[in-house]
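In: Next input, structure requested:
(3 chains)
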Amino acid sequence: MPELPEVETVRRIAAPLVIGRSITGITMNPTFTCVLEAPDGMDPVSSLIGRTIMDVERRGKYLLFLLGADLWMVIHLRMTGRLLVVDHQASPVRFEHLGIALDNGKDLRFGDQRKFGRVRVTLPEEVEALSFRLGPEPFDRQVTGRWLHGALERRSGKIKAVLLDQHLLAGLGNIYVDEALFRARIHPERIARNLSLEEATRLIGAIRHVLRSAIANQGTTFSSFENPYGEAGSNADFLRVYGKGRGALSCPRCGTALEHLVVGGRGTTFCPRCQLLPGQDTSSASPA
DNA sequence: CAATCAACCTGGGTGC
DNA sequence: TGCACCCAGGTTGATT
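Out: Next up is the predicted model:
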């Protein structure tokens, strides 16, 4: 599931391969006609042809290709999208929807098993609006424990659901929310506004830690994620709770059996001992 | 305004 | 071995 670290991995690898290259052709798989979008009245294919890729940026889980002063291409991988860089002669990648031929004999290929991903050719004001409605990047200087504590003040939902809301903070998904809450020892069903300043500070530190580690490991490949070379990321080997709550696996910190819940409509794994809910009996939480 | 939840998809896994 | 489910989740949009 591409979250911030996976999208950043794609950006870092793709950028040097495509920046400065011009788009010479577009191929679309007729089976998947809905993937390439543009504003009303704009033809996405003719808008792309001849454009030079000036930069590749990331905002939250969105990849932003700058195509001159007045045009962008925005890609969202959603759950199973992949963006690969291959030779122009290479056969279609698995579930290929779209191919973008470049003037150096390489192609950018977009593939998506589940048709949720999107490629949108768009105008600068639309990209500004997109960025405006997203929360800040977790690594922004303004994002401190005090900032998070203030941002959570008006939120009465569960902390896990609030962290999945891209309007609050951009880039977190199910994997890294579970990992960060575990690291910060905060129960996923805690009411957001009840977190103390100390807890919010711990949480933002944990978020940054899990994201930084995952980027260093080139992302988590749980099922389908691949970088633009078609390689898996290694971060799945370092996950401490995500995906481990259904097999009677134990907490890597205290050995208690991990538990599985649905929070915010998403599968959630946590340690019931390390991540206590206030009001729960804490007398059994003696050191392991 | 904020919270909740269904809908969108389909390969892979499970249970019988 | 076959088959009918069920599950995974990022985002949007409807509803409360």
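
In: State the number of residues packed around A:I159.
Out: For A:I159, the count of nearby residues is 27 (other Cβ atoms under 10 Å). (Each C-beta comes from the backbone N, C-alpha and C, glycine too.)

In: go on, A:E226?
Out: Around A:E226 there are 22 residues (other Cβ under 10 Å).

In: my guess is it contacts A:A232, does it?
Out: Yes. Applying Cβ atoms under 8 Å, one finds A:E226 in contact with A:A232, separated by 6.2 Å.

In: Look up how far A:T201 lies from the residue nearest to A:L123 when sequence neighbours are not counted.
Out: Nearest residue to A:L123, sequence neighbours excluded (Cβ to Cβ, 6 or more residues apart in numbering): A:P39, at 6.5 Å. From A:P39 across to A:T201, the span is 42 Å (Cβ to Cβ, to the nearest Å).

In: More neighbours: which of these two?
Out: A:T201 (18 against 13).

In: Now the more buried one: phi and psi?
Out: Dihedral pair for A:T201: phi -70, psi -40, per degrees, to the nearest 10.

In: can you pull the contacts of it?
Out: A:T144, A:G145, A:R146, A:L148, A:H149 (Cβ atoms under 8 Å, 6 or more residues apart in numbering).

In: ok, the residue nearest to A:D165 when sequence neighbours are not counted - contacts?
Out: The shortest distance from A:D165 to any non-neighbouring residue, by Cβ to Cβ, 6+ apart, is to A:G135 (7.7 Å). With contact set as Cβ under 8 Å, 6+ apart, A:G135 has these partners: A:G60, A:A151, A:D165, A:Q166, A:H167, A:L168, A:L169, A:A170.

In: List the neighbouring strands of the least confident helix or strand in chain A by mean pLDDT plus their orientation.
Out: Least confident element among the helices and strands of chain A, by mean pLDDT, DSSP states H and E: strand A:36-37 (a mean of 90). Paired strands of strand A:36-37, with direction, are strand A:118-122 (parallel) (DSSP bridges).

In: Is DNA strand B within reach of the strand it pairs with?
Out: No. Using Cβ under 7 Å from any atom of the strand, strand A:118-122 never reaches DNA strand B; the gap is at least 11.2 Å.

In: Keeping just the C-alphas, turn stretch A:81-93 into CSV.
Out: The C-alpha coordinates for stretch A:81-93 follow below in CSV (Å, rounded to 0.1, in the frame of the first residue of the first chain):
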residue,chain,number,x,y,z
GLY,A,81,-0.5,1.2,-8.4
ARG,A,82,3.1,0.9,-9.7
LEU,A,83,5.2,3.3,-11.7
LEU,A,84,8.1,1.7,-13.6
VAL,A,85,10.9,3.0,-15.8
VAL,A,86,11.7,0.5,-18.6
ASP,A,87,13.1,0.4,-22.1
HIS,A,88,10.7,1.6,-24.7
GLN,A,89,10.9,-1.9,-26.4
ALA,A,90,10.0,-3.7,-23.1
SER,A,91,6.8,-5.6,-23.1
PRO,A,92,3.9,-4.3,-21.1
VAL,A,93,4.3,-4.5,-17.3
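
In: mind listing what's buried in that stretch?
Out: Neighbour counts over stretch A:81-93 (16 or more other Cβ atoms under 10 Å) mark A:G81, A:R82, A:L83, A:L84, A:V85, A:V86, A:V93 as buried.

In: Adding secondary structure and distance to DNA strand B, write the residues you listed out as JSON lines.
Out: Shown next, in JSON lines, are the buried residues of stretch A:81-93 (DSSP: H, G, I helix; E, B strand; the rest coil; distance: Cβ to the nearest atom of the strand, whole Å):
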{"residue": "A:G81", "secondary structure": "strand", "distance to DNA strand B": "12"}
{"residue": "A:R82", "secondary structure": "strand", "distance to DNA strand B": "13"}
{"residue": "A:L83", "secondary structure": "strand", "distance to DNA strand B": "18"}
{"residue": "A:L84", "secondary structure": "strand", "distance to DNA strand B": "17"}
{"residue": "A:V85", "secondary structure": "strand", "distance to DNA strand B": "23"}
{"residue": "A:V86", "secondary structure": "strand", "distance to DNA strand B": "21"}
{"residue": "A:V93", "secondary structure": "coil", "distance to DNA strand B": "14"}
